[in-house]
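Asker: I would like the atomic coordinates for the input below:
(one chain, ligands or ions: 1)
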Amino acid sequence: MSTSPIQSQLTQLQTEAIAAIADSPSLDELEQLRVKYLGKKGQLSQILRGMGKLSPEERPVVGSLGNKVKQAIQDSLETQKATLQQAAIQAKIAAETLDVTMPGVSRPLGKVHPLNGVVDRVLDIFVGLGYTVATGPQIETDYYNFEALNTPTDHPARDMQDTFYLPGGNLLRTHTSSVQIRYMENNEPPIRVIAPGRVYRRDTVDATHSAVFHQVELLAIDKGLKFSDLKGTIKEFLRQMFGDELPVQFRTSYFPFTEPSAEVDVQWKGKWLEVLGCGMVDPNVLKAVGYDPEIYTGFAAGFGVERFAMVLHQIDDIRRLYNSDLRFLKQF
Ligand code: DAH
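Answerer: A predicted model of the protein is given here:
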């Protein structure tokens, strides 16, 4: 039996299709080739449509050849598909390879500002001694900033703190002592609180003065608290803050809200430096918040945070703490 034209068309198709498939560079193109050769209206179907004209003997032979050609083309499609997929994976892996020897992108670490660092240390020490942290508003009334602290209008002690008065009668608090009153109004003794915050005074700015600065207020109220408790607390605090060997001295002083009052100096580089004011809470202050001074006594203190920072870090000018100069701040 001689080879029919359909048979040679089939073998030719196979050769052509396999070559084209092997050359196909992408999965998209491969799909186009599948449609072109094996699709419903593809070349294979078109050739096989001519089978109707064949003799009954030829038909099964050509049919079987048609199947083989179809199979061969399908196989080569599969093979090429696998090859292309593999290549795509390899390309992806190559593109995503992590070069562990490349220098990293460094992100600069933020730091705690020296003022906040001091506040954190002060709070840590007092929390360790059993104190709770409290806060109060920076815009205050005359009552909380002065009146309730035994400093009525016309009291000469008001001149100690030059005040920013606001329209409407309020003021910017001149000290954190106002938080003492607010806390006592809302709590019953025994009290152990520490209150950090920003305070304001009409000071001319120079190397040791700023119109805005920071204080930490201390207040303890209980039955039977004595000056020796105040002294012991302050000494222990200063020991933890500045180290064991630093000489400390208590000097008699005056504050309207404490009686007796003292200022505390630490010896730093051969000089006595005042770091805080303190005293036994004046009975009038206790009465203002409705405590019975016959039952309760207490002590209070106020620290200047900037002063602590300057002593601890040997900073010569308070303005450095506010200028946000990175060359300065990076040292902490
Ligand atoms: N409030 C005072 C000031 O700003 C500091 C102070 C002194 C606070 C004695 C106190 C204290 O609690 O007992 O100058």
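Asker: Domain-wise, how is this structure divided?
Answerer: The chain breaks down by automatic domain parsing into domains covering 5-95, 114-329.
Asker: quick one, phi psi at the one residue sitting closest to the centre of the chain?
Answerer: With distances taken as CA atoms, centre = their mean, the residue of the chain nearest its centroid is residue 110 (9.3 Å). The phi/psi pair for residue 110 (degrees, to the nearest 10) reads phi -70, psi 160.
Asker: returning to that earlier point: out of the domains of the chain, which one sits most buried?
Answerer: Mean neighbour count (mean count of other CB atoms under 10 Å) peaks for domain 114-329 among the domains of the chain, with a mean of 17. Bear in mind the C-beta positions are built from the backbone N, C-alpha and C, glycine included.
Asker: That one spans what distance, first to last residue?
Answerer: 8 Å (CA to CA, to the nearest Å).
Asker: what separates the closest residue to residue 209 other than its chain neighbours from residue 146, distance-wise?
Answerer: Computed as CB to CB, 6 or more residues apart in numbering, the closest residue to residue 209 that is not its neighbour in sequence is residue 203, at 4.3 Å. Distance check for residue 203 against residue 146: by CB to CB, to the nearest Å, it reads 18 Å.
Asker: Could you do residue 285 as well?
Answerer: Distance, residue 285 to residue 146, by CB to CB: 11 Å.
Asker: One more: residue 313?
Answerer: Distance, residue 313 to residue 146, by CB to CB: 33 Å.
Asker: go on, residue 269?
Answerer: Distance of residue 269 to residue 146, computed by CB to CB: 36 Å.
Asker: who's in contact with stretch 236-253?
Answerer: Applying CB atoms under 8 Å, 6 or more residues apart in numbering, the contact partners of stretch 236-253 are 121-122, 125-126, 128-129, 231, 234-235, 260-268, 272, 275, 277, 279, 308, 311-312.
Asker: and if we set it to 10 Å?
Answerer: The contact list for stretch 236-253 (CB atoms under 10 Å, 6 or more residues apart in numbering) reads 118, 121-122, 124-126, 128-129, 194, 218, 227, 230-231, 234-235, 260-268, 272, 274-279, 301, 303, 308, 311-312.
Asker: Among those, which are located in strands?
Answerer: Mapping those onto strands (DSSP state E) picks out 194, 218, 260-268, 272, 274-279, 301, 303.
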